[in-house]
Every structure is written in structure tokens, then in C-alpha cells.
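# Generate a structure from the sequence data that follows.
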Amino acid sequence: MATLSPVEAAKRAAAKVAVENHYPKDARFVGIGSGTTIVYVVEAIKELGVDTSRTKYVPTGFQSKQLIINAGLTAVEFDALPEGTVLDVAFDGADEVDDDLNLIKGGGACLFQEKIVALQAKQFICVADSRKLQSRLLTGWKYIPIEVAPIAARRVLTKLKEMGSINPAIRLAAAPKEGPLKTDQDFFIIDAPFPQLLLPADVAAGKDGSGKAGVWEVNALSQAIKQIAGVLEVGIFSGLTGPQAQAAGGIGGQRPVAAYFGMPDGSVTVRKAAA
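Reported below is the predicted structural model:
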């Protein structure tokens, strides 16, 4: 096996600890996210040595479905789940994570399916390397991915500019002549830069997160973008965790209960959401 780079080794270490701590022994349904870190999550599940024959794995996109199948696990599409099915756990990565465990996701263009899987799970666990951990979103990662209907893309771009986004743009496919990138839903992705997002604590301390000069509190911006006609989903994962949603009579939450970060020295740091 080829020697892993320090970043890949960090992802593998984080995935191993996250799976060891949160994979239920009698799991029936497990959400499997998208992205480079999730390769190591599936690897860690296989290394647990538990019986996976009765477990169904729910992918968040084409890439994660192939990963599940190639590992000899059973994949089931989200829309094929029996009515009322609740996932025992969902594992996924992130493009950036803030101090409150709010996330930016969608760099891999699977944000809609990633969100519906997280919302159907008792607990959502984030796995990443240390580069993704920042005190506020839009610090290292500079834009919010937004999945939009192609027919409404120009309208959404206009609305985002009105909200303070600086030069939002439709994401192009890898080969420019192919035009805009298409998601698994055949939608477009708009990448929308904004100033660094505020936390509720920042607003409580007197900062204005209502959108003036494009400065937003994380939940307020997510909700404002979601209300634009033509937007399918927003790449901000915030609000309730799974346990908080269940306490309120729901199922799952967008925000993870814990995030695991592989550090450059080989250690793993865990951040847990406040109860």
C-alpha cells in the first residue's frame, strides 16, 4: 500500500476514531456521505469486524454509492427506504466547520442529498482533517455552495448579489466546454462568497448579523437563501443536532453531534456540540 500523505493519514485517523466511537453494533441503516474522507470511514467500518450483512448503507450520491458497493456492503437509495425509516447514524465530511459545529458542505456538489440523509439520522457525525476547523465559517473556505434549478439560476444570482454576495457564480464542469456542472438532481451549483459568518454568540455580543454590508449570522443567512425561489438547498448545515431535533418531536438535525479532526501530528481531536 502506498504511503499516505500527512493530510490523508489525518483523515484516516479521524475516520477510525469516529467509527469506533459512534458505529452501533446492531446498526440497521447507516448514512454514508460524499468526499475524500468518507473513503476512510467505509474502510474503518470494514475493519471493525462487525456483521454488516443485515445493515443497509444509504449513500448521498453516486460516488458514495460506488464506494459502498465496492466495499461489499449493501447500498439502498434514500427514496427506496421504507416509510418511517430512521438511520442509526450518518457519517459525512465537511468543507469547513466552525466553533459551534456549523458546517459548509457542497464542494463535491452533493449537498442536497447529504442534508436529507443527515436529517433522517438519529445522529450525524462529521469527519475531517484539521484544515477544515475554523472559528467562523467562510474563513478558509470562501463561498457557500447552493443547489438551484437551472431555469432560476440567473434570478438566484441576482438575489444573492442583493444579499451581499460578492460575485456569486455558477460552477462549471471540469471541462469548460461542457458548461455548468450538474448535480445528481440535474441542478446547477452556485458558489456564493460572503463575508465571514457570525455565530449567535457574536450577535448576542452586539454584532449585527442581519445582512447589512453582506454580514450575516450563520442561521439567518441559511434561511434567507433557502427562501429564494429556485433554490433546492443551501450548503450551510446549522441549527439542531439529531438529539435536539428528537427532543422537539423530530428525527434528525443538520448539525453534527460531534466532529472528528485528524491533526498533523497523527492525533485526533473531537469537538462535541453543546447539548
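# can you map out the helices along the protein?
6-22, 38-48, 62-70, 111-118, 153-162, 200-204, 218-226, 242-247 (DSSP state H).
# now, of those, which is deepest in the fold?
Among the helices of the chain, ranked by average contacts under mean count of other Cβ atoms under 10 Å, first place goes to helix 111-118 (a mean of 25). Bear in mind the C-beta positions are built from the backbone N, C-alpha and C, glycine included.
# Next, the angle helix 62-70 makes with that one.
Relative orientation of helix 111-118 versus helix 62-70 (axes from the mean of the first three to the mean of the last three Cα atoms, to 10 degrees): 50 degrees.
# And helix 111-118, what does it pack against?
Helix 111-118 is packed against strand 89-92, strand 143-148, strand 231-234, strand 236-237, with contacts defined by 3 or more Cβ pairs under 8 Å, 6 or more residues apart in numbering; DSSP states H and E.
# Output these as CSV; include the columns mean pLDDT and distance to Ala174.
Shown next, in CSV, are the helices and strands packed on helix 111-118 (pLDDT from 0 to 100; distance: least, Cβ to Cβ, whole Å):
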stretch, mean pLDDT, distance to Ala174
strand 89-92, 98, 23
strand 143-148, 98, 16
strand 231-234, 98, 22
strand 236-237, 98, 25
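# With mean neighbour count as added columns, please give those strands in CSV.
Converted to CSV, these look like this (neighbours: other Cβ atoms under 10 Å):
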stretch, mean neighbour count
strand 89-92, 27
strand 143-148, 26
strand 231-234, 22
strand 236-237, 28
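# With distance to Val42 as added columns, please give the ones you listed in TSV.
TSV is the format used below for the helices and strands packed on helix 111-118 (distance: least, Cβ to Cβ, whole Å):
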stretch	distance to Val42
strand 89-92	9
strand 143-148	23
strand 231-234	24
strand 236-237	21
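# Pro193: which of these is closest?
strand 143-148 (4.5 Å; Cβ to Cβ).
# Pairing partners for the closest one, with directions?
strand 188-193 (antiparallel), strand 231-234 (antiparallel) (DSSP bridges).
# how about the nearest residue to Glu217, chain neighbours excluded?
Gly209 (2.9 Å; Cβ to Cβ, 6 or more residues apart in numbering).
# tell me the contacts of the residue nearest to Gln185 when sequence neighbours are not counted?
Closest residue to Gln185 apart from its sequence neighbours, by Cβ to Cβ, 6+ apart: Phe112 at 6.2 Å. Counting by Cβ atoms under 8 Å, 6 or more residues apart in numbering, Phe112 makes contact with Glu147, Thr183, Gln185, Phe187, Leu232, Glu233.
# So which of those is the closest to Ala18?
Glu233 (24.2 Å).
# ok, now how distant is the closest one from Leu87?
18 Å (Cβ to Cβ, to the nearest Å).
# likewise Ala80?
For Ala80, the distance to Leu87 - Cβ to Cβ - is 13 Å.
# So which of the two has more stuff around it?
Neighbour tally, Ala80 and Leu87, criterion other Cβ atoms under 10 Å: the higher count belongs to Leu87, 27 against 10.
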